[in-house]
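[1] Model the structure of this input:
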Amino acid sequence: MRVAIRFRHGGPERALAEAVVLRRALKESFGRIVIDGLDEVDIFLTLGGSITSAEGDGGVHNLRYSAVRRRLTVNVVVPASEIGRDSTAGALAPYLDVLARRIAERCAPRDCAAVSRAVAGACREALAAIPGPGPSGPHGG
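    Predicted structure coming up:
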């Protein structure tokens, strides 16, 4: 599967290195997943910061799947306050869990549980590659 990942940083305090590592890790881990009817995933990820906090906008938004184009696009927004309470990986983990479920529901309704597990596993693998503390709590490692 091909993966395109674009980032929007809400402030200078967001480490660019984390985004680069996460992008590479997500591309690699998603690349090993096979979902019938899906060849490409395009993720626009917003990490809130001091300039654009993204407060009140957190979540998985505008998930669109085209069966004809075999392509899925989605926006994932993580508010600055959530990143401030945890690591970037820890704040992002629950949103990627939601993303995994939504991809499975939309693209593989007959095999939803297995696809959700595969995508969630790929997301956890990618988050583990981010330097610093990894995801914690019920959604992480």
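[2] Return the set of buried residues in the lowest-mean-pLDDT helix or strand in the chain.
    Least confident helix or strand, the chain: helix 80-85 with a mean of 86, by mean pLDDT, DSSP states H and E. Along helix 80-85, the positions that meet the burial threshold by neighbour count (16 or more other CB atoms under 10 Å) are 80, 82-83. Any C-beta I mention is one placed from the backbone N, CA and C, and that applies to glycine too.
[3] Please apply the same query to stretch 27-35.
    Taking 16+ other CB under 10 Å as the neighbour-count basis, stretch 27-35 is seen to contain the buried residues 27, 29-30, 33, 35.
[4] what are the ranges of the strands in this protein?
    According to DSSP state E, the chain carries its strands in the segments 2-9, 40-47, 59-66, 71-78.
[5] mind putting the ones you listed in TSV, mean pLDDT, mean neighbour count and distance to residue 110 included?
    Converted to TSV, these look like this (pLDDT from 0 to 100; neighbours: other CB atoms under 10 Å; distance: least, CB to CB, whole Å):
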stretch	mean pLDDT	mean neighbour count	distance to residue 110
strand 2-9	91	16	23
strand 40-47	94	20	19
strand 59-66	96	14	15
strand 71-78	96	20	17
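[6] Would you reformat the ones you listed as a markdown table and include distance to residue 116?
    Written out in a markdown table, the entries for the strands of the chain read as follows (distance: least, CB to CB, whole Å):
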| stretch | distance to residue 116 |
| --- | --- |
| strand 2-9 | 17 |
| strand 40-47 | 14 |
| strand 59-66 | 13 |
| strand 71-78 | 14 |
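[7] So which of the ones you listed is nearest residue 16?
    Comparing these against residue 16 with CB to CB, the closest turns out to be strand 2-9 (7.4 Å).
[8] Direction included, what does that closest one pair against?
    Here strand 2-9 has these sheet partners by DSSP bridges: strand 40-47 (parallel).
[9] and the angle for the strand it pairs with with strand 71-78?
    Strand 40-47 runs at 10 degrees relative to strand 71-78, counting by axes from the mean of the first three to the mean of the last three CA atoms, to 10 degrees.
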